[in-house]
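Asks: only geometry, no sequence info:
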């Protein structure tokens, strides 16, 4: 009997309330019953995105919503700047290239945030850039990019298109206030849902752009979706059970209060980083760490893939691995979504035990103690 | 958002597999479908009880099964010896008295096991004792009684009636082998089910006694139940969903293997005790601790009721309190049923933090480290 602990950056654990909501008997989607739930969820999403505009719900993964953000806003051959500091930056680039855009790539070392002045310089060198595409939180490198500051540069220039997949619901990303033009997220992270829903919201000037954007789209036609979703329905068949779950998870987040949700993520991340440091491990992104996931460098020479396999198969603990050049060298410990203080203690306790098992000298309890000092802050 | 951790000695956490089994569509109980499931569960229960005889399933709590053990075996005015070393010993006494038996009480200090020679002396002083009633694991004091040794004394004498509520499925209690005449348990402990099922099995000589036992019974008439359950049905309406769950939980225990189930409980208990000691706390039952639950003495002057309330309401951790004279002075940390290594780390981490919050000097990680050393044994 090995209990399972899902501590990867998505899918994340699903709360009971959400599981039960999703287990409701199927209803038809062209009914007042569905429309009521959908309309309430739409309001909750607006609060989360910090926008007065529509947040559209798509039956797609986050990547579908990313694609919609490209295909609805640009025309063939237009120039965009892609900040590529990890696997998801790479994904922006792949989508833009698949649609025949001209991509100026701004490569950023993995684990580092893009520098605002470098973005500024690129915008000066290429004054015909129509859009800047970036991650708020680059999940693959556990790094935050300075989206708020970049939005200052793009306010009267190119559209700022932000992948908020491990940011929305984790930290404040108030799109209207900051001046983000397109904000995208998925269901399986802070929203505490299974994968299967993508979300996208557009600023007024982004909506204006959709009128002249000539890239082809059909299933992901945001104008068509907006028309339908404003009438409390969807253009195509919605993922009904997931929307039952969305309704429940947004209610949970409202009850906790968004400020407290953000503070919780920040605290859990800080505790995880403190624990890693107490164990003598380096962080992948020490300067701009994401509050969604902590990347931890493994001791030199340790086989990270074997370690993760051991943690998963023998201890029931699922962390995420490193990708590409980081494969086997790091682990990513997520603390996004339905995660509390004791999940961090489980993560750290398991890490301590697995490291020792793999021959690394560990003083048991040392990581946990550092985490506990910080987790205590939530107790008054 | 406070995640809940149920670490009290019943109800205990329910595994997903069991929850899903219980969520099956209701079926009628007088059908081949029900009989098939019920028959398979009956076999699993025999392995758990270590008996070739029937293990009867009752729609009752454990107390119902305890009452059946009395009302089916004795006649008014008969003399029984009750080992009373806690709240559940007291319950045997209350049941026997409610049915008009003459109770010889053997009081045992809370937290201590009854001494075998004291039982022996009682049996000599009162040669007309017809039954000895005892707990294998006295949940209220987290103490094991020496049932195996006492069974040596009663083998050719009075019936030995054992409350196995926090013992069956936690440690081996092979009733045929040891010579236990009646063994009782409930669903909400090691069986990883909600409360609502009681189980009772009788030795051959106990079954013979039921023929002449004159105490009144109707709903809990074991002879009637045996007649029905041997035909894969029940005398009265069974708790169908709970039996779906029982079928699933027994399957889980078989897959883990009973020897490993017992070893897990023993290891988790040892880890919990080591952690408590590392934190400078005394155990309630240092000599004969139960592997189901660990009783921990709180520091002098600490308000245990407030501490438990704080743990539950602010940290989401449910431990059990002390009862009667131990109220406020101890906590009981359960590790029975669907509990793994990381539940122990959660329990200890939470205890460390709560104790510190309540002004007790705690070095974070010290309890956890002691537990980890022992929990590592399960990892090869």
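Replies: The structure has been received and is ready for your questions. Fair warning: this is a prediction, and the values are worked out from it, not measured in the lab.
Asks: so who does the residue most central in space within chain A touch?
Replies: Note on chain A: the residue nearest the mean C-alpha position is residue A:166, at 1.6 Å, using CA atoms, centre = their mean. Counting by CB atoms under 8 Å, 6 or more residues apart in numbering or on different chains, residue A:166 makes contact with A:9, A:10, A:136, A:137, A:139, A:189, A:190, A:290, A:292, A:293, A:336. All C-beta spots, glycine's among them, are computed from the backbone N, C-alpha and C.
Asks: export the residues you listed to a markdown table and tack on secondary structure, distance to chain B and neighbour count?
Replies: What follows is the contacts of residue A:166, written out as a markdown table (DSSP: H, G, I helix; E, B strand; the rest coil; distance: CB to the nearest CB, whole Å; neighbours: other CB atoms under 10 Å in any protein chain shown):
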| residue | secondary structure | distance to chain B | neighbour count |
| --- | --- | --- | --- |
| A:9 | coil | 18 | 27 |
| A:10 | coil | 18 | 25 |
| A:136 | coil | 22 | 26 |
| A:137 | strand | 20 | 31 |
| A:139 | coil | 22 | 28 |
| A:189 | coil | 15 | 28 |
| A:190 | coil | 12 | 30 |
| A:290 | coil | 19 | 31 |
| A:292 | coil | 16 | 31 |
| A:293 | strand | 18 | 31 |
| A:336 | coil | 13 | 30 |
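Asks: Identify the farthest-apart pair in those.
Replies: Taking CB to CB, the two most distant members of the contacts of residue A:166 are A:10 and A:136; they sit 14.6 Å apart.
Asks: so what's the residue in chain A that chain B sits nearest to closest to, chain neighbours aside?
Replies: Nearest to chain B in chain A, going by CB to the nearest CB, is residue A:365, at a distance of 2.7 Å. Once flanking residues are discounted, residue A:365 sits nearest to residue B:365: 2.7 Å by CB to CB, 6 or more residues apart in numbering or on different chains.
Asks: And for that neighbour, the neighbour number?
Replies: Here the count is done by other CB atoms under 10 Å in any protein chain shown, and residue B:365 has 30 residues near it.
Asks: go on, residue A:183?
Replies: 33.
Asks: The one helix or strand it maps to pairs with which strands, and in what direction?
Replies: Taking DSSP states H and E as the criterion, residue A:183 maps to strand A:182-186. Strand pairing for strand A:182-186, using DSSP bridges, gives strand A:159-163 (parallel), strand A:198-202 (antiparallel).
Asks: Beyond the first one, next helix or strand please.
Replies: So that's strand A:159-163. helix A:175-178.
Asks: Buried residues, that next one. List them.
Replies: For helix A:175-178, burial by neighbour count (16 or more other CB atoms under 10 Å in any protein chain shown) applies to A:175, A:176, A:178.
Asks: For the second one, give me the pLDDT.
Replies: Model confidence at residue A:176, expressed as pLDDT, equals 98.
Asks: contacting residues around it?
Replies: Per CB under 8 Å, 6+ apart, neighbours of residue A:176: A:50, A:51, A:52, A:53, A:203.
Asks: The last one reaches residue A:177, doesn't it?
Replies: No: with the criterion set as CB atoms under 8 Å, residue A:203 and residue A:177 do not qualify as a contacting pair; they are 11.2 Å apart.
Asks: Could you list the contact residues of chain A toward chain B?
Replies: Within chain A, the positions adjacent to chain B are A:1-3, A:5, A:23, A:252, A:256, A:260-261, A:264, A:314-317, A:338, A:340-343, A:345-346, A:349-350, A:352-353, A:356-357, A:363-369, A:372-373, A:375-376, A:379 by CB under 8 Å from any CB of the partner chain.
Asks: How about residues contacting stretch A:127-134?
Replies: By CB under 8 Å, 6+ apart, the surrounding residues in contact with stretch A:127-134 are A:69-70, A:73-74, A:78-83, A:89, A:92, A:96, A:104, A:114, A:119, A:122-123, A:145, A:147, A:150, A:154, A:157-163, A:181.
Asks: Report the mean confidence score over that stretch.
Replies: 98.
Asks: rewinding a little: surely the residue nearest to residue A:365 and residue A:373 touch.
Replies: No: between residue B:365 and residue A:373 there is no contact under CB under 8 Å: 9.9 Å.
Asks: Show residues contacting the strand holding residue A:183.
Replies: A:10, A:49, A:51, A:61-62, A:65-66, A:68-69, A:73, A:159-165, A:167-169, A:173, A:175, A:191, A:195, A:197-203, A:206.
Asks: what's the offset of it from the middle of its chain?
Replies: 9 Å (CA atoms, centre = their mean, to the nearest Å).
Asks: Repeat that for stretch A:113-121.
Replies: Its chain's average C-alpha position is 21 Å from that of stretch A:113-121, according to CA atoms, centre = their mean.
Asks: Surely residue A:83 is in a helix?
Replies: No: read with DSSP: H, G, I helix; E, B strand; the rest coil, residue A:83 is strand and lies in no helix.
Asks: Nearest residue to it in space, please, no chain neighbours.
Replies: Of all residues not flanking residue A:83 in the chain, residue A:134 sits nearest, at 4.2 Å (CB to CB, 6+ apart).
Asks: about what we covered before: going by distance to residue B:14, which of the buried residues of helix A:175-178 wins?
Replies: Taking CB to CB as the measure, residue B:14 sits nearest to residue A:175 out of these, at 41.4 Å.
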